[in-house]
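In: this one's structure only:
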């Protein structure tokens, strides 16, 4: 009877020892998965928060720029009228020429002022987009490196960020002229996307190799664009793409 009990205990112990690596491995997988999800959510939050804020500010600049188009068209018509008035005065041997010239100069001054206002809106938007791009890239780089460092000594990792071209306000003038009418460029949302891409690889430390083997490679991107809705231009999160290769 005692021998039978010892055999059962031995069998149970052997069974426990045989499945222990599996249990430990499963626990580690669950732990790493939860950790990754938390890290990823935090990294996306960092990327999206400033990008959305910036796109909303740029959207207001764009709205203001497009609202100036009626004035641009009006001044363009006035310029034609002023040119006609000057030509008519000259044809009339200078009769009324001073008044025509004064009107011509008034139109030109207003067009120059409008042109300066339009260019200022574009320059401010481009500067804001550029600043946010590099600032967010720097913050992401620092935070991801910090988070991966916290996984040591259990996890070894490599990390890199892939460069994406900075974004500029995707508008164009209808013609090369003073105070032109501005319109959005084709594929506006694609052109306006602030995008950040990064990659890191995780593998277990050597002392955990008996329980868990393999490597995880994560390719992440965060994309925020500017979109029109109900005549308002607002920031919008574009779908993120994630690629997970080879699991533990």
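Out: Thanks, I have the structure now. Predicted, not measured: the structure shown is a model, and the values here were computed from it.

In: quick one: mean pLDDT over whichever helix or strand residue 144 is part of.
Out: Using DSSP states H and E, residue 144 sits within helix 97-149. For helix 97-149, mean pLDDT is 93.

In: how far out from the middle of the chain is it?
Out: 18 Å (CA atoms, centre = their mean, to the nearest Å).

In: that helix packs against which elements?
Out: The helices and strands touching helix 97-149, judged by 3 or more CB pairs under 8 Å, 6 or more residues apart in numbering; DSSP states H and E, are helix 2-67, helix 69-91, strand 155-162, strand 194-204. For every residue, glycine as well, the C-beta is placed using N, CA and C.

In: next secondary structure after the third one?
Out: The first helix or strand that comes after strand 155-162 along the chain, using DSSP H and E, is strand 171-173.

In: buried sites along whatever helix or strand comes next after that following strand?
Out: Using DSSP H and E, the helix or strand that follows strand 171-173 in sequence is strand 182-184. Residues 182, 184 are the ones in strand 182-184 that count as buried (16 or more other CB atoms under 10 Å).

In: who's in contact with strand 182-184?
Out: Strand 182-184 is contacted from outside by 62, 65, 66, 68, 69, 72, 118, 170, 171, 172, 173, 174, using CB atoms under 8 Å, 6 or more residues apart in numbering.

In: so which pair among those residues is furthest apart in space?
Out: 72 and 170 (18.6 Å; CB to CB).

In: the longest strand anywhere in the chain: partners in the sheet, and parallel or antiparallel?
Out: Longest strand in the chain, counting residues (DSSP state E): strand 215-229. If you go by DSSP bridges, strand 215-229 pairs up with strand 194-204 (antiparallel), strand 232-238 (antiparallel), strand 243-245 (antiparallel).
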